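**Q** one predicted model, sequence on top.
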Amino acid sequence: MSNERTRFDQEVLPHFEAAYNLARWLSHSAVDAEDILQDALLLAFRNLDARRGTNTKAWLLAIVRNAFLSSRRRSAPRARLTDTIDALDAEVPPPALVSADDPEHEAIATDRARSFDEVLEQLPEEFREVLVLREMEGLSYKEIATVTAAPIGTVMSRLARARTAFRSEWLTATGGSDDGLS
């Protein structure tokens, strides 16, 4: 294995799941997310030596975001078969939510996860993006600013508005219950 490949494997691949997660939430499609991620990883491999800074995760997520934006510009608006397939896949709870302990808790957890996904999907892209980067991927405000190419003040205000919008939508979706929100 070449030194470049080894370096890529050590520095970039540990952030694979975070990159896929961002691509999935931005694209709303598992199939599109895989394509975006493939493009992003290829760009990251080709440009590893040109990377600025030391935060590989933020650098990779910025590439994923830009790959998503590029793919969206290339795509003409059209119905996609993958949307239907993803909707069918959404009916099956993720394995992490399945427990043999208590069917009632399983059903509640599955319903809550589905509600969470639906509420997050309804948010405007700029809000969903900062929420995913901060709350799911644990990036700092500065790292989010790097990924989104937005000033840190903009990131902070978007995140505050995103949290407010999410909470409002969550309360509507769950009939006023803030169970599960902290």
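**A** Received it, and whenever you're ready, just let me know what you need. Note that the structure is a prediction, hence the values are computed from the model and not measured. Numbering: from 1, shown residues only.

**Q** pull the longest helix from the protein.
**A** Taking DSSP state H as the criterion, the chain has its longest helix at helix 152-173.

**Q** in that one, what's buried?
**A** 155, 158, 159, 162, 163, 165, 166, 169, 170 (16 or more other Cβ atoms under 10 Å). Backbone N, C-alpha and C define where each C-beta goes, glycine included.

**Q** likewise for stretch 125-139?
**A** Buried residues in stretch 125-139, defined by neighbour count with 16+ other Cβ under 10 Å: 127, 128, 129, 130, 131, 132, 133, 134, 137, 139.

**Q** and the contacts of it?
**A** If you take Cβ atoms under 8 Å, 6 or more residues apart in numbering as the criterion, stretch 125-139 is touched by 18, 21-22, 25-26, 57-58, 61, 65, 120-121, 123, 141, 143-144, 147-148, 155, 158-159, 161-163, 165-166.

**Q** circling back: just the buried residues of stretch 125-139 now: which is nearest residue 34?
**A** Distance to residue 34 across the buried residues of stretch 125-139 (Cβ to Cβ) is lowest for residue 132, with 17.0 Å.

**Q** tell me which element the spatially most central residue of the chain falls in.
**A** Residue closest to the mean C-alpha point of the chain, counted by Cα atoms, centre = their mean, is residue 22 at 2.5 Å. Using DSSP states H and E, the element containing residue 22 is helix 16-27.

**Q** thanks a lot, see you next time.
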